[in-house]
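Peer 1: give me coordinates for this.
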Amino acid sequence: MHTEIFEITAHGEIKMELNSNGSNTNLYLKRLNSFTSDIQYKFTAISLFSGGGGLDLGVNLAGFKSLFVSDLIPTYVDTIKQNLPHVKTYTKDATELTAEEILQLSGATDVDLMVAGPPCQSFSILGQRKALEDPRGKLTIKYFKLIAGVKPKAFIFENVPGILTVNKGQDFKDLFEFAKETTGYTLFKTRLNAMQFGIPQSRERVFIVGFHPDLKIDSFSFPEVPTGAFSEELTASTPSKYALENVNGLPNHDIRIHGERVRSRYEKILPGERDRIDHTDRIDPERPSGTVLVGSSAGGGRPHIHPYEPRVITVREAARLQSFPDWYKFSGSSTEQYRQVGNAVPPLMAYELAMKIREALEG
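Peer 2: Here you go, the predicted model:
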């Protein structure tokens with residue numbers, strides 16, 4: 001039996017949980033920060049629509065070295081570059097890219113893995129759901145055409161679960177068939193939740209994984225549970241409080257100062273409840289958080305309310321909920337940082353998926 005000890009400082013910092021012997025029992029943070037920037041690479045990767053690098057970080061941690069990343073927003077690729085300095089970056093319109101340019105810019109002649117999460121607003125339940133009629137939806141089509149040209153050994157396509165229900169599911173069926181016909185790859189699809197991997201956040205994503213037909217991979221199993229360091233005791237209900245411990249002094253931990261009216265309102269909201277004014281959820285510290293949102297200077301989704309302090313969570317706290325290790329730093333303004341974190345694939349979910357792909361490639 002152990003005793004939980006949580007001390008909340010005047011600044012809202014949650015100090016480390018200790019057991020009766022004085023040892024750290026926060027396995028989530030132990031696991032998270034066991035993933036260091038000292039990565040041993042075996043394979044290569046190329047990334048499009050890279051955002052702030054959640055998907056890239058995950059596949060890099062699994063041993064796939066990102067040679068090339070692309071995003072229209074320079075700040076986002078700056079973030080990836082400062083954390084994964086070996087990458088070549090591209091910030092022009094991806095619709096103008098050709099397979100030949102990708103290979104030339106990356107310096108690669110043979111690519112093991114190609115990854116992308118094309119802009120998902122046209123599929124999201126928070127968006128207008130016009131799907132493939134939206135120019136952003138057409139970027140998905142572009143991605144599969146580039147796969148056909150680059151011919152990586154495997155690829156990952158990621159999107160929001162809303163893509164499964166647009167036009168009663170017909171759009172996703174059409175997209176899946178288009179991907180199959182365009183690439184000729186053997187395809188597998190699934191829906192994963194970050195909670196499955198001990199990440200203290202409920203966040204669902206849809207994945208399509210494809211393998212080059214020459215590999216003759218007829219079966220492939222998606223990850224179901226966390227693996228590796230400190231994974232044995234993690235569960236699908238890791239409390240969000242574990243992500244919020246000991247954040248003072250970390251990069252991107254700038255506490256937003258609210259006015260007295262907002263603070264007073266937030267103080268009255270119970271954990272797990274929603275503020276009726278700005279529709280912001282207050283984190284229940286004993287449960288995984290809801291999906292981390294992007295934050296917006298123009299309204300829309302905002303960061304969650306801290307469970308113990310009358311304020312929204314910081315970029316670093318949001319990054320912890322998303323499973324970014326503490327050494328991973330975000331560039332740009334506060335809004336740009338929140339958006340990079342909120343739009344990201346949780347890196348440790350991407351890591352588990354990439355490890356399964358690695359197993360398949362290693363045969």
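Peer 1: now do the SS call for the closest residue in space to P271 that isn't next to it in sequence.
Peer 2: For P271, the nearest residue in space outside its immediate sequence neighbours is D284; the separation is 4.2 Å by Cβ to Cβ, 6 or more residues apart in numbering. No exception for glycine: its C-beta is placed from N, CA and C like everyone else's. Under the three-state scheme (DSSP: H, G, I helix; E, B strand; the rest coil), D284 adopts coil.
Peer 1: mind listing what's buried along the worst-scoring helix or strand of the chain on mean pLDDT?
Peer 2: Counting by mean pLDDT, DSSP states H and E, the weakest-scoring helix or strand in the chain turns out to be helix 135-150, with a mean of 84. For helix 135-150, a neighbour-count test (16 or more other Cβ atoms under 10 Å) marks R136, G137, K138, L139, T140, I141, K142, Y143, F144, L146, I147, V150 as buried.
Peer 1: shaky segments in the protein?
Peer 2: Low-confidence segments of the chain (pLDDT under 70): 1-24, 120-137, 295-301.
Peer 1: and the residue nearest to P271, what does it touch?
Peer 2: Applying Cβ atoms under 8 Å, 6 or more residues apart in numbering, one finds that D284 lies in contact with S240, P271, G272, P307.
Peer 1: filter those to the buried ones?
Peer 2: When these are checked for burial by 16+ other Cβ under 10 Å, the buried set is S240, P271, P307.
Peer 1: was I right to think P285 contacts K241?
Peer 2: Yes. Between P285 and K241 a contact is recorded at 3.7 Å, counting by Cβ atoms under 8 Å.
Peer 1: could you pull out the helices in the stretch 51-200 of the chain for me?
Peer 2: 54-61, 74-83, 99-106, 135-150, 170-183 (DSSP state H, counting those that start in this stretch).
Peer 1: tell me the most buried of these?
Peer 2: helix 54-61 (a mean of 27; mean count of other Cβ atoms under 10 Å).
Peer 1: OK, contacts around the residue nearest to K151 when sequence neighbours are not counted?
Peer 2: Closest residue to K151 apart from its sequence neighbours, by Cβ to Cβ, 6+ apart: H212 at 6.6 Å. The contact partners of H212, by Cβ under 8 Å, 6+ apart, come to K151, P152, K153, A154, Y185.
Peer 1: pick out the most distant pair among those.
Peer 2: With Cβ to Cβ as the measure, no two of the contacts of H212 lie farther apart than K151 and A154, at 10.7 Å.
Peer 1: which of these two has more neighbours?
Peer 2: When K151 is set against A154 and neighbours are counted by other Cβ atoms under 10 Å, the residue ahead is A154, at 27 against 17.
Peer 1: just list whatever residues bridge to that one.
Peer 2: L113, F211 (DSSP bridges).
Peer 1: repeat that for the one 5 residues further on.
Peer 2: Beta-bridge partners of N159, counted by DSSP bridges, are V206.
Peer 1: isn't it right next to R191, touching?
Peer 2: No. Counting by Cβ under 8 Å, R191 is not a contact partner of N159; they are 10.3 Å apart.
Peer 1: shared neighbours, these two?
Peer 2: Here N159 and R191 have R205, V206 as joint contacts, going by Cβ under 8 Å, 6+ apart.
Peer 1: which one's more surrounded, these two?
Peer 2: Neighbour totals were compared for N159 and R191, and N159 leads with 23 against 11 (other Cβ under 10 Å).
Peer 1: ok, T109 - how many residues close by?
Peer 2: Other residues near T109 come to 7 when the count uses other Cβ under 10 Å.
Peer 1: what about it, distance to Q40?
Peer 2: Distance of T109 to Q40, computed by Cβ to Cβ, to the nearest Å: 22 Å.
Peer 1: turn the helices of the stretch 51-200 of the chain into TSV, including distance to Y266.
Peer 2: As requested, these are arranged in TSV below (distance: least, Cβ to Cβ, whole Å):
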stretch	distance to Y266
helix 54-61	28
helix 74-83	29
helix 99-106	46
helix 135-150	34
helix 170-183	38
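Peer 1: how long is stretch 318-329 end to end?
Peer 2: Its start and end residues considered, stretch 318-329 measures 12 Å (Cα to Cα, to the nearest Å).
Peer 1: contacts for it?
Peer 2: Residues outside stretch 318-329 that contact it (Cβ under 8 Å, 6+ apart) are 29, 32-33, 35-37, 53-54, 57, 79, 82-83, 194, 197, 199-201, 203, 240, 243-244, 247, 250-252, 289, 292, 303-304, 313, 316, 330, 338, 341-342, 344, 346-349.
Peer 1: of these, grab the buried ones for PyMOL.
Peer 2: Filtering the contacts of stretch 318-329 down to the buried ones (16+ other Cβ under 10 Å) takes a single PyMOL command:
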select buried, resi 29+32+35+53+54+57+79+83+194+197+199+200+201+203+240+243+244+247+250+252+289+292+303+304+313+316+330+338+341+342+344+346+347+348+349
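Peer 1: of the contacts of stretch 318-329, which belong to helices?
Peer 2: Restricting the contacts of stretch 318-329 to those inside helices, with DSSP state H as the criterion, leaves 29, 32, 54, 57, 79, 82-83, 316, 338, 341-342, 347-349.
Peer 1: out of the residues you listed, who's nearest H279?
Peer 2: Distance ranking of those against H279, using Cβ to Cβ, places G342 first at 14.9 Å.
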